[in-house]
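Colleague: fold the following, please.
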Amino acid sequence: MVQLQPARRVVIVVDAVLRERVIEDVTALGVGGYNYSFCHGKGVHAVTGSRNCDGDLVRIEMITDEALAGAVLDYVHEKQGRQFGQYAFSAFIDTVEVDPTDKSFAKHG
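Modeller: This next block holds a predicted model:
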């Protein structure tokens, strides 16, 4: 069996109009790969999206090391209060396990 190593999955949920900007920004931070999907949801402030179209929100996921995950969360925290305060914009990190021979997840530095 392959010996796995821990990594961090960062998930950003953001208003779809900010998708390209956020992807550009996290790529500049060092994120080497990501995926995104349109999503719908309900929160404190609103219900988003229609079942018959792409979502109003985008879920962007990336697998990174701990340092880069922290940098991405710092970026989200900074933008929530300043530029993107009027948009849906949140993030979380969880721990996943990856095959250490798979070089497709981003490493900081």
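Colleague: skip the chain neighbours and tell me the closest residue to D25.
Modeller: Excluding the flanking residues, the one nearest D25 by CB to CB, 6 or more residues apart in numbering is Y75, at 6.3 Å. Backbone N, C-alpha and C define where each C-beta goes, glycine included.
Colleague: and the next element down the chain from the longest helix anywhere in the chain?
Modeller: Taking DSSP state H as the assignment, the helix of the chain that covers the most residues is helix 66-81. Going down the chain from helix 66-81, the next helix or strand is strand 89-98, by DSSP states H and E.
Colleague: ok, and what's touching that following strand?
Modeller: Strand 89-98 is contacted by residues 4-15, 18, 63, 69, 72-73, 76, 79-80, 105 when judged by CB atoms under 8 Å, 6 or more residues apart in numbering.
Colleague: my guess is the residue nearest to D25 meets L29, correct?
Modeller: Yes. Counting by CB atoms under 8 Å, Y75 touches L29, with 6.2 Å between them.
Colleague: tell me which of these two has more neighbours.
Modeller: More crowded of Y75 and L29, by other CB atoms under 10 Å: Y75, with 18 against 15.
Colleague: next up, the contacts around the more buried one.
Modeller: Neighbouring residues of Y75 by CB under 8 Å, 6+ apart: D25, V26, L29.
Colleague: just to revisit the earlier point, can you turn the buried part of the contacts of strand 89-98 into a ChimeraX selection?
Modeller: Remark: buried members of these, expressed as a ChimeraX selection using 16 or more other CB atoms under 10 Å:
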select :7,8,9,10,12,13,14,15,18,63,69,72,73,76,79,105
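Colleague: so which of the contacts of strand 89-98 belong to helices?
Modeller: Judged by DSSP H, these include A69, V72, L73, V76, K79, Q80 as members of helices.
Colleague: list just the nearest of these to V58.
Modeller: V76 (13.5 Å; CB to CB).
Colleague: the residue lying closest to that closest one once chain neighbours are set aside: how many residues sit nearby?
Modeller: Distances taken as CB to CB, 6+ apart place A91 nearest to V76, at 4.3 Å, with adjacent residues excluded. A91 has 20 neighbouring residues, counting by other CB under 10 Å.
Colleague: in the sheet, who's paired with A91?
Modeller: Applying DSSP bridges to A91 gives these bridge partners: I12.
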